[in-house]
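> when you get a sec, could you give me coordinates for this:
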Amino acid sequence: MPIDFDQIDEAGLRAAGGLKWTAFPDCIGAFVAEMDFGLAPPVAAALQEAVARGRTGYPTPALSRELAQACAAWQAGRYGWQVDPSRIQPVGDVLGALEIMLAHFLPRGTAVVLPTPAYMPFRPLLELHGHRVLEVPHLLQDGRWRMDLAGIDAALAGGAGLVLLCNPQNPLGCVFEADELRALAEVVERHGARVFSDEIHAPLVYPGARHVPYASVSDAAARHCVVAVSPSKGWNLAGLKCAQMVLGNDQDLDRWRRIALVAGHGVAGLGMIAATAAWREGGAWLDGVLRYLDGNRQRVSRWMATHLPEARFVAPQGTYLAWLDCRALPLPAGTTAAALFRRRARVALTDGRECGEAGAGHVRLNFAMPRPVLDEALSRMADAIATLRGGA
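Numbers count the residues shown, from 1 in each chain. Take a look at the predicted model:
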């Protein structure tokens, strides 16, 4: 029976105790990328069975094999990407996969191209590991966000050795097309560089767009990239700590085998069980969630056009994140949009400045919530701006 997500209320969400609803107790949580729709029944059943049988020990080789096979089958079935399961390795999360690539697959100190705005932890993580970061802002062309390939080319020509790709893109929500990815691969290959492709939001793509795995666009792309995937966003499993690295060349795979004992230590056995269930049996539930999210996405678009027309908004093609340009709103001097909405509207958003220089004046809104709660959040935000227009 389909779940009526409209019936999930704010009180129940707060009682569940997740980060999204406890970090700012007086606010509607719309910042961290978590969904409010519970667990897919096949995932819940797999976890309940595992706990009942006491399967809370260390991950096993059998779990790794089952996870790799399930992940490979999902990639082939949903995206047409044929992956040898032996190239799929378990890690704790996508950030952990990036750390592994920085520490073990790149020369120390390699400069990194970071298309911006970017997922908030990327730049701090790169700098923590001693990598110079070259921000290259995305371009808004014909109502669609695109990579600045000329800017990436120039950064690689200047000595950078890695491009950090996020597709579908967080926070913009754009989904890159195959020709864009092939063009990026040609630029990267020409400079002898590499790509880390974060594809954590791949399950969350709306009608009219299609996720294309970066490694699938050419043999060269497959050789020079490491892809990180995970069911953590599509099925809300981030706390269970299980992502997968897909290693496209034999040298990386050999390197992994030498470091696996240490590099793979962050993955959880229960996370592997949940991820396997999501990849194998979670498609129908995800499709229902996507239909609901698409309705929320369209609701945000209509609301912004009607009630906050000064705020530029490009509807995302993927993810459940809305990137709002608030630079034309009548904000008090020295006040960011995120601070104003948190204080006056009691809606907690992500401050765009956390996403790089290109994010100044923007906020990121998570619309993966019950529609009545989303309506309340949007109404509070519109009322806060209406009050400012009235001079209060």
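> what segments of the stretch 1-150 of the chain are strands?
Under the criterion DSSP state E, counting those that start in this stretch, the stretch 1-150 of the chain carries strands at the ranges 28-29, 88-91, 112-116, 133-137, 139-141, 144-146.
> now the ones you listed in JSON lines, with distance to Lys20?
Backbone N, C-alpha and C define where each C-beta goes, glycine included. Shown next, in JSON lines, are the strands of the stretch 1-150 of the chain (distance: least, Cβ to Cβ, whole Å):
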{"stretch": "strand 28-29", "distance to Lys20": "4"}
{"stretch": "strand 88-91", "distance to Lys20": "24"}
{"stretch": "strand 112-116", "distance to Lys20": "24"}
{"stretch": "strand 133-137", "distance to Lys20": "28"}
{"stretch": "strand 139-141", "distance to Lys20": "29"}
{"stretch": "strand 144-146", "distance to Lys20": "25"}
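> need the ones you listed in a markdown table with distance to Pro61 and mean pLDDT, can you?
Shown next, in a markdown table, are the strands of the stretch 1-150 of the chain (distance: least, Cβ to Cβ, whole Å; pLDDT from 0 to 100):
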| stretch | distance to Pro61 | mean pLDDT |
| --- | --- | --- |
| strand 28-29 | 39 | 98 |
| strand 88-91 | 11 | 97 |
| strand 112-116 | 33 | 99 |
| strand 133-137 | 37 | 98 |
| strand 139-141 | 46 | 96 |
| strand 144-146 | 42 | 97 |
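> out of the ones you listed, which is closest to Arg255?
strand 88-91 (10.9 Å; Cβ to Cβ).
> which helix or strand contains the residue most central in space within the chain?
Centroid-nearest residue in the chain: His201, 4.5 Å away (criterion: Cα atoms, centre = their mean). According to DSSP states H and E, His201 maps onto no helix or strand at all.
> now tabulate the strands of the stretch 1-150 of the chain in a markdown table and tack on mean neighbour count and distance to Met245.
Output for these, formatted as a markdown table (neighbours: other Cβ atoms under 10 Å; distance: least, Cβ to Cβ, whole Å):
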| stretch | mean neighbour count | distance to Met245 |
| --- | --- | --- |
| strand 28-29 | 25 | 30 |
| strand 88-91 | 24 | 5 |
| strand 112-116 | 25 | 17 |
| strand 133-137 | 19 | 22 |
| strand 139-141 | 12 | 30 |
| strand 144-146 | 17 | 26 |
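> Ala40: which of these is closest?
Nearest of those to Ala40, taken as Cβ to Cβ: strand 88-91 at 19.8 Å.
> neighbouring strands for the closest one, and are they parallel or not?
For strand 88-91, the paired strands and their directions (DSSP bridges) read strand 243-247 (antiparallel).
> which residues touch Leu114?
By Cβ atoms under 8 Å, 6 or more residues apart in numbering, Leu114 lies in contact with Phe122, Arg123, Leu126, Val133, Leu134, Glu135, Val136, Leu164, Gly356.
> does the closest residue to the fifth one other than its chain neighbours belong to a helix, a strand or coil?
Just to be clear, that refers to Leu134. Once flanking residues are discounted, Leu134 sits nearest to Ala155: 4.4 Å by Cβ to Cβ, 6 or more residues apart in numbering. Of the three states, Ala155 takes helix under DSSP: H, G, I helix; E, B strand; the rest coil.
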